[in-house]
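>>> sequence plus predicted model, see below.
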Amino acid sequence: MSHLIIGPGAMGRLLALRLAERLPVTLFGRRSLPHRQTLTTPEGEHHHRSLECLTPDSLDELDASRLTAVHLVTKAYSAEAALATVAPRLPRDTPLVLWQNGFDVQPRLTRQRQGPTLCATTTEGAYSNGDDSVVHAGHGSTWIGHLDGHHAELAATLAETLTGAGLPAQAVDDIRVRLWHKLAVNAAINPLVARFRVPNGQLRDPALHPMVDAVIEEVEAIMVAAAIPPPPRGFAALVWDVVAATADNRASMLQDILADRPTEHDAILMPLLRVARDNSLETPHLAALHQQLEARQRPGRA
Ligand code: KPL
């Protein structure tokens, strides 16, 4: 039995290379990648492995009848298009795991798909070091589950598989809450570091700290309206803990801006702005951040 990873970015390749130490794995992406890939571990070891890498042109080679699970590890904005390329070849009951940031594709695909659809969220750190090399920058944890708590056995099996492959994972029945907590962290950190082009830790500077606090305040009110329970020490502690733990990191949205790629601002900010609108909450800071990121992506932008 094998796993298909759709999306050969840093996280997709980390997943593929870790799983490939124990199971057959196929990687699918829009463009071809070298089959021979190197994974550098957080301990500085280099693991070399050959992966089956398919593109839309070679998709006929996929043996979908043997798939245990498909992992969709693309950016949120390209998830549905990437899945649509492969979906016609998959048995309808193939389990799918969604690894996207935000809370956009998850409810839609969970509703639309016939097969079991789980969501995962992770704190594993990885970055790409060229087309044939990925660096596992730091160990983290992964949580996996169905938005309505279904398919507990499947979530447990997949968590066990990931853990066995060196990515400690836990099956949970509250993945919806965990995704919203991650969304709160991403909303407070990503747009601001992208706007000011600074590493996460610089948000602690006196000039930027109040801006983060203002966003957190809006997010807190939205979470109350959305009936999302706060994390044990509250949203502010959660955000500032992540800022401290990832102080030297360039957040994913800043990396997207620097590489002139689209950003995930819709997937991260729109779920919050929708709850705010539906509950008549004033969220000037979140709205302004969304507007700035949206303007950057419109044709003819400055
Ligand atoms: O998830 C992240 C991201 O970069 O998208 C954070 C937590 C902000 C770490 O950089």
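Received it, and whenever you're ready, just let me know what you need. Residues are numbered from 1 along each chain as shown.
>>> please count neighbours and contacts with C-alpha atoms only from this point.
Fine.
>>> any idea of the mean pLDDT for the helix ranked longest in the chain?
The helix that spans the most residues within the chain, counting by DSSP state H, is helix 175-196. The average pLDDT within helix 175-196 is 97.
>>> could I get the buried residue list for it?
175-194 (16 or more other C-alpha atoms under 10 Å).
>>> need the CA coordinates for that helix. CSV is fine.
Output of helix 175-196 as CSV, limited to C-alpha atoms (Å, rounded to 0.1, in the frame of the first residue of the first chain):
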residue,chain,number,x,y,z
ILE,A,175,-9.1,19.5,14.6
ARG,A,176,-11.5,22.3,13.7
VAL,A,177,-10.5,24.2,16.9
ARG,A,178,-6.8,23.5,16.3
LEU,A,179,-7.1,24.8,12.7
TRP,A,180,-8.7,28.0,14.0
HIS,A,181,-5.9,28.4,16.6
LYS,A,182,-3.3,28.1,13.9
LEU,A,183,-5.3,30.5,11.8
ALA,A,184,-5.2,33.0,14.7
VAL,A,185,-1.4,32.7,14.8
ASN,A,186,-1.0,33.0,11.1
ALA,A,187,-3.3,36.1,11.0
ALA,A,188,-1.4,37.8,13.7
ILE,A,189,2.1,37.1,12.3
ASN,A,190,2.1,36.5,8.6
PRO,A,191,0.5,39.7,7.1
LEU,A,192,2.6,42.0,9.3
VAL,A,193,5.9,40.3,8.8
ALA,A,194,5.1,40.2,5.0
ARG,A,195,4.2,43.9,5.1
PHE,A,196,7.4,45.0,6.9
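>>> so which elements touch it?
strand 117-122, strand 142-145, helix 209-225, helix 234-245, helix 252-258, helix 265-278, helix 284-297 (3 or more C-alpha pairs under 8 Å, 6 or more residues apart in numbering; DSSP states H and E).
>>> and it, how far out from the chain middle?
11 Å (C-alpha atoms, centre = their mean, to the nearest Å).
>>> report whether it contacts the ligand.
Yes - using C-alpha under 6 Å from any ligand atom, helix 175-196 reaches the ligand at 186, 189, 190.
>>> quick one: which of the residues you listed is nearest residue 68?
residue 186 (30.7 Å; C-alpha to C-alpha).
>>> report the contact partners of that closest one.
Going by C-alpha atoms under 8 Å, 6 or more residues apart in numbering, residue 186 touches 102, 268.
>>> what's the pLDDT at residue 249?
87.
>>> Three-state assignment for it, please.
Following DSSP: H, G, I helix; E, B strand; the rest coil, the label given to residue 249 is coil.
>>> can you pull the contacts of it?
Here residue 249 is in contact with 199, 200, 201 (C-alpha under 8 Å, 6+ apart).
>>> pull the number of nearby residues for the first one.
Residue 199 is surrounded by 19 other residues when neighbours are defined as other C-alpha atoms under 10 Å.
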